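[1] Quick one, fold the following:
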Amino acid sequence: MFPGRRPSGITTGIVLIGVVALLPVVLHGSPYGAYIDYLVVRIMLLGLYAMAWDFLFGYAGMFSR
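    Residues are numbered from 1 along each chain as shown. Reported below is the predicted structural model:
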């Protein structure tokens, strides 16, 4: 890193995605491996739900009461 420079948002995002992708591999043999797998899948499903909600409510304007 250069002195006085902060990492950009893209760099931070790439590092976070890398850490999340490697976490199940690193913890595979540990007792927490199954929990990490479950947690990653749950986060991905909730993210998919949030994107679908954003599309239907925000972009398409389809909201039923």
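[2] Would you tell me which helix is longest in this structure?
    Ranked by residue count under DSSP state H, the longest helix found in the chain is helix 33-54.
[3] which strands and helices sit next to that one?
    Helix 33-54 is packed against helix 9-26, with contacts defined by 3 or more Cβ pairs under 8 Å, 6 or more residues apart in numbering; DSSP states H and E. In short, each C-beta sits where N, CA and C put it, glycine included.
[4] In the helix it packs on, which residues are buried?
    23, 24 (16 or more other Cβ atoms under 10 Å).
[5] Run the angle between it and helix 33-54 for me.
    Angle, helix 9-26 to helix 33-54, by axes from the mean of the first three to the mean of the last three Cα atoms, to 10 degrees: 140 degrees.
[6] What helices and strands are in contact with helix 9-26?
    Using 3+ Cβ pairs under 8 Å, 6+ apart: helix 9-26 touches helix 33-54.
[7] chain center to the helix it packs on: distance?
    8 Å (Cα atoms, centre = their mean, to the nearest Å).
[8] Other residues contacting it?
    For helix 33-54, contacts defined as Cβ atoms under 8 Å, 6 or more residues apart in numbering pick out 20, 23, 24, 27.
[9] Right, I'll leave it there.
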